[in-house]
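[1] here you go, sequence then predicted model.
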Amino acid sequence: MAATSSLEALVDDPERLQALQRYGILDTPMEPAYDELADIAGHVCEAPVALVSFVDRDRQWFKSAQGLPERETPLDQSVCRYAIRQPGVFIVPDLAQDVRFAHYGIVTQKHPLRFYAGAPLVTPDGYALGTLCVLDHRPRQLSQRVQDLLSALARQVVRLLELQRANDRQGQMLAELDAARQQMAVLAHTDVLTGLANRRSFTDRLRQELALLQRGREPTCLLMMDLDHFKRINDVHGHHVGDQALQLFASLCRDVFRAADVLGRWGGEEFMALLPATGVEQAQAVAQRVHAALAQQPLPGIEPPHRLSVSMGLTLLDPLRPLDVTLRLLDSALYTAKREGRSRTVVV
């Protein structure tokens, strides 16, 4: 009874089972590398059955099964659970003559297996995960030289496990690195506060659109937008409310503009919108929807309620006009809108 309890304690050892899980080997498809090692073990030991066996909590599972049709057996039918208890090769010369195994299905079947030899698969940190084992239909023994070779092959199985684990870790690291690079690329082109394109990204897209217009693309409009009295919001309510105002405006713009339109934060409280395949009248209608949306949405948490307004400059992009000239015209139109009372759009 004491021996049985000791055996169960080893098999159920949480640290051993955790070590087995970290390799992620259970229930994976058969692989040639493991089959080749099992096949060599069978050849070296002159045995018809060779297994790469892992001892789980309630079963033993075979990563490779040469000469045996099953992929797993119940733990109470496992000889390997005894083999993982010792450092050397565990040999049972005749299973039928051993009271521990005589009742096993592999012994009582029509063509019984009688001989077993298993070398434990021991991790670098000392956990026995299973065995590389061979079985035969006749009682027999193994020479010390062959036992040493079987142990050497078992160490190769562990090295293969370690290599695959290292490859998995490397693959995960590469995936994390790729994700970080993608995130950095997004951050390099995105305004952190509003989530819109930043000035650099928007300018790149604007230059691309000008190049397309030179090839005869449909008209495109450009809007420059500046929140009215923004400094007063910061001075009276604090910069955190100013940030909320910028985020609210960006959110409203996402709702109003089309998916094909390009929105960017130009700097401070100034924003830009590029409207491909859009004429001036259509763009004016879009601008009016922005004004209306702002009028309906007060800043949250401010008493008395405060509604944002925006002044805009609007122009039809001319591919023959230098971009810096277009931007100066828009800036002038925007300030004309400010002088004329704000919350309006001026076309140039």
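    That came in fine, so what should we check first?
[2] show me the shaky parts of the protein.
    Counting by pLDDT under 70, the chain shows low-confidence ranges at 1-10, 186-187.
[3] kindly recompute the last result at 80.
    1-12, 171, 174, 176, 179-188, 216-217, 301-302 (pLDDT under 80).
[4] and whichever helix in it runs longest, what does it pack onto?
    Longest helix of the chain, by residue count under DSSP state H: helix 144-188. Where contact means 3 or more Cβ pairs under 8 Å, 6 or more residues apart in numbering; DSSP states H and E, helix 144-188 is packed against helix 32-45, strand 115-122, strand 128-136. Bear in mind the C-beta positions are built from the backbone N, C-alpha and C, glycine included.
[5] in its sheet, what does the shortest one sit against?
    Listed by DSSP bridges, the sheet partners of strand 115-122 and their directions read strand 90-92 (antiparallel), strand 128-136 (antiparallel).
[6] please identify the buried residues of that strand?
    Buried residues in strand 115-122, counted by 16 or more other Cβ atoms under 10 Å: Phe115, Tyr116, Ala117, Gly118, Ala119, Pro120, Leu121, Val122.
[7] bridged to the first one, which residues?
    The reference is to Phe115. Asp136.
[8] look up how far Gln109 lies from it.
    Phe115 sits 15 Å away from Gln109, going by Cβ to Cβ, to the nearest Å.
[9] what segments of this structure are helices?
    2-11, 14-22, 32-45, 80-83, 105-108, 144-188, 199-214, 230-237, 239-256, 280-296, 323-339.
[10] now the third one and strand 115-122, what's the angle there?
    Angular relation of helix 32-45 and strand 115-122 on a 0 to 180 degree scale: 140 degrees, by axes from the mean of the first three to the mean of the last three Cα atoms, to 10 degrees.
[11] picking up where we left off before, just say which of the helices and strands packed on helix 144-188 is most tucked in.
    strand 128-136 (a mean of 27; mean count of other Cβ atoms under 10 Å).
[12] and that one with helix 144-188, angle?
    Going by the same axes, to 10 degrees, strand 128-136 is angled at 140 degrees with respect to helix 144-188.
[13] how about Arg265, what does it touch?
    Residues in contact with Arg265 (Cβ atoms under 8 Å, 6 or more residues apart in numbering) are Asp191, Leu193, Thr194, Leu196, Ala197, Asn198, Arg199, Phe202, Leu246, Ala250, Phe271, Met272.
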